[in-house]
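In: Got a predicted structure plus its sequence, pasted below:
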Amino acid sequence: MCGIVGYVGFEQAAPILLDGLSKLEYRGYDSAGMAIMDEEDKIEVVKAKGRLQVLREMTDSGHAVPGVCGVGHTRWATHGEPSVANAHPHFNKDKSIAVVHNGIIENYQSIRDRLVKKGYEFISQTDTEAVVQLLDYYYQGDPLEAITKVMVRVEGSYALGILFQDHPGEVYAVRKDSPMIVGHSEEGNFIASDVPAILSHTKNVYYIENMEIVKLTKEGIKFYNIDKEEIEKEMVTIDWDAEAAEKGGYEHFMLKEIYEQPKAVRDTISPRIKDDRIEIEELGMTEEEIQKISKIYIVACGSAYHVGITAKYVIEGMARIPVEVDLASEFRYRDPIMEENSLVIIISQSGETADSLAALRAVKEKGIRVLGIVNVVGSSIAREADNVMYTWAGPEIAVATTKAYSTQLASIYLIAILFAKVRNTIDDQAYAGYVEEVKALPDKIQTILGDRERIQWFANKFASSHDMFFIGRGLDYGIGMEGSLKMKEVSYVHSEAYAAGELKHGPISLIEKGILVVGIATQPQLYDKMISNMAEVKARGAYIMGVTNYGNYEMEDTADFTVYVPKTNPYFTTSLAIIPLQLLGYYTTLAKGLDVDKPRNLAKSVTVE
Ligand code: G6P
């Protein structure tokens, strides 16, 4: 949450920072600001409450703030309401040091109290201001000296971009448990919270580790450890296209990313299926190690957690390994009893989600093997897991995930089939059948996208709903959970997912005339039971949208509106049945005139607890 970007080079900094921030707005959009060193080497700070567009207009797209060196910030408010005073960058008292921050300074209050006693005045309610004032307190002309003193005194998580007025043409940055990359190009050097911010300038990046410091100048980049010793870093080339982080003719990133799903799923599965055999070298596990796994824990947040719900059914069903699925925010504090031969799978698009990262570290302390299923190459979870299986979704910008979720599912299928084969819980024929079905998923997803106009029509009809329910059994319950999350997070319609068998234990009392209930029924052995549950809510006045497979046409006797998805093996239907529900969330939001890519109060990358 919060995005930071910094630049020093041969071009004007402000337009570059604004462009970078526009790619980071998914990390927060409560306010935006920049600190630029002008030609007289005074730091000028401009900031505005609200979207980046306000800052853009205020600064004539950056042209009103000249200078070749600066840092920028887009904020997701944690400490202090969204306001100009609380917007970053923050200054010290004589405006000679400016700081942008992503993360949370946990001991900010005690730092503040200490400094107030020494005569410091605070003008914002942020935790970040404690950092800049503490820098001021320790600064005696040597930026590295002051920064390292501050680093050992602040607790919590931070990625910081810092300017010192008496060190013109230098940008300092540091991180601990908040993401930050460093980019290098002919036109200058960069820091950023995430790759898309600098992708149109360079694909050459360095990853900085916790407690490392970087100094950017026009001419070069220097890295230091906490002891102020210079260290060497290896440059890595990112293979994402700059266009991949643009809307490319689509009205919104969310729709673009929904449409990219066939390709993203294909890119994720193809390199791992050779001659119709699944090979996932990145797992780094021998057959013997796979056979020995006694239990799998899947730990994640948000939609990635919903992938875990699907994974439980698929892995337990196919490979007969018990699977426990946990929300990372719960898992990290519950001290689970873990057997030695357990495997923990952390699923994360960003690879930076604070709770997932903390869960990973807790597991590693117990000496249990951790596999990361991660989209962002070089992210913290990717680097800290014992092994990482990358999902090849490309940059995902819309706050509500679609294509990353789909590639995470595809990764889970590959793992489940591979484990089942190695553990002999499926025969050769079943193995070949599953591999065929997985390979066919991208085309089938493409087919469903063709139904978009019908779903748009339906979404328009129900856009004024106050409440919706998504019901299903088995894997269909997991689909309902993700469908319901898509709906509520972007359209603000209150929606809940229920295991259909639980309806009679409470939620059916909420059903009244006109309430939309989405019934998902793709699992043959549970189909009749689902139809009965749908009939029960219909009898109480609900309007029913059904999602089922081609061929189940009698669904129309119960549902008022039915969406059909191609047939596949029941284990894999999540990948198909979720598509209409993503579209339903998208079009409901559009019909309500809301900003689908940037829903209120949310940020894509949740890097604080
Ligand atoms: C946020 C995003 C979701 C995502 C979740 C977990 O809530 O909006 O789309 O599923 O975080 O993020 P991760 O990056 O760990 O997958």
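Out: Okay, I see it.

In: Please save the CA atoms from stretch 178-187 in CSV.
Out: Extracted in CSV, the C-alpha atoms of stretch 178-187 (Å, rounded to 0.1, in the frame of the first residue of the first chain):
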residue,chain,number,x,y,z
SER,A,178,8.2,-3.1,2.1
PRO,A,179,9.0,-3.6,-1.6
MET,A,180,11.4,-1.4,-3.6
ILE,A,181,13.3,-2.0,-6.8
VAL,A,182,16.0,0.1,-8.4
GLY,A,183,16.1,0.7,-12.1
HIS,A,184,18.9,1.8,-14.4
SER,A,185,18.7,3.3,-17.9
GLU,A,186,20.6,5.7,-20.1
GLU,A,187,18.3,8.5,-19.2
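
In: That one near the ligand at all?
Out: No: taking Cβ under 6 Å from any ligand atom as the criterion, stretch 178-187 and the ligand are apart, separated by no less than 10.7 Å. (Glycine included, C-beta is placed from N, CA and C.)

In: And for that stretch, what's in contact with it?
Out: With Cβ atoms under 8 Å, 6 or more residues apart in numbering as the contact definition, stretch 178-187 has outside contacts at 4, 9-11, 102-103, 157-159, 173, 189-195, 198, 201-202, 204-208, 214, 216, 221, 233, 235, 350, 352, 378-380, 605, 607.

In: One more: stretch 525-543?
Out: Taking contacts as Cβ under 8 Å, 6+ apart, the residues outside stretch 525-543 that touch it are 462, 469, 471-474, 476, 500-501, 503-504, 508, 511-517, 519-521, 523, 544, 546, 548, 552, 555, 558-561.

In: same thing but at 6 Å, please
Out: Here stretch 525-543 makes contact (Cβ atoms under 6 Å, 6 or more residues apart in numbering) with 473-474, 500, 503, 511-513, 515-517, 519, 521, 544, 558, 560.

In: excluding its backbone neighbours, what's nearest whatever residue of the stretch 401-550 of the chain ends up closest to the ligand?
Out: Among the residues of the stretch 401-550 of the chain, Thr401 lies closest to the ligand, at 3.4 Å counting by Cβ to the nearest ligand atom. Spatially, and ignoring its direct neighbours in sequence, Thr401 is nearest to Ser303 (4.7 Å; Cβ to Cβ, 6 or more residues apart in numbering).

In: in a helix, that's where the one you found is, yeah?
Out: Yes: assigned with DSSP: H, G, I helix; E, B strand; the rest coil, Ser303 falls within a helix.

In: Count residues in the vicinity of it, would you?
Out: By other Cβ atoms under 10 Å, the residues close to Ser303 number 24.

In: measure Ile346 to the ligand for me?
Out: Distance of Ile346 to the ligand, computed by Cβ to the nearest ligand atom, to the nearest Å: 8 Å.

In: looking only at pLDDT, what's the mean for the helix or strand harbouring that residue?
Out: Ile346 is part of strand 342-348, with elements assigned from DSSP states H and E. Confidence for strand 342-348, expressed as mean pLDDT, is 98.

In: moving C-terminal of it, what's the next helix or strand?
Out: Trace forward from strand 342-348 with DSSP H and E and the next one is helix 354-365.

In: one step back: name every strand pairing with the strand holding Ile346 and say which way it goes.
Out: Taking DSSP bridges as the criterion, strand 342-348 forms sheet pairs with strand 295-300 (parallel), strand 369-374 (parallel).

In: Helices of the stretch 451-600 of the chain, start to end?
Out: Under the criterion DSSP state H, counting those that start in this stretch, the stretch 451-600 of the chain contains helices at 452-462, 475-491, 527-539, 574-591.

In: And for Gly141, nearest residue in space, chain neighbours not counted?
Out: Spatially, and ignoring its direct neighbours in sequence, Gly141 is nearest to Asp166 (7.0 Å; Cβ to Cβ, 6+ apart).

In: what are the phi and psi values for the one you found?
Out: The main-chain torsion angles of Asp166 are listed as degrees, to the nearest 10 and equal phi -90, psi 10.

In: Could you shift the numbering so residue one becomes 41, and keep it that way?
Out: Happy to do that; since the first residue is 41 now, the last one works out to Asp206.

In: on that earlier part again, residues near the residue of the stretch 441-590 of the chain closest to the ligand, how many?
Out: Burial of Thr441, expressed as a neighbour count using other Cβ under 10 Å, amounts to 28.

In: Just list whatever residues bridge to Val363.
Out: Ile336.

In: wait, it sits on Tyr353?
Out: No: under the criterion of Cβ atoms under 6 Å, Val363 makes no contact with Tyr353, lying 8.5 Å away.

In: how about the residues of the chain near the ligand?
Out: Taking Cβ under 6 Å from any ligand atom as the test, the list of the chain residues beside the ligand reads 341-344, 388-390, 393, 396, 439-441, 642, 644-646.

In: Could you check how many residues crowd around Met275?
Out: Other residues close to Met275 by other Cβ under 10 Å number 12.

In: Ala450 contacts Asp307, correct?
Out: No: applying Cβ under 6 Å, one finds Ala450 not in contact with Asp307, separated by 9.4 Å.

In: what about those two, which has more around it?
Out: In this view Ala450 and Asp307 are compared by other Cβ under 10 Å, and Ala450 has more residues nearby, 28 against 19.

In: wait, what's in contact with the more buried one?
Out: In this structure, Ala450 makes contact with 305, 308-309, judged by Cβ under 6 Å, 6+ apart.
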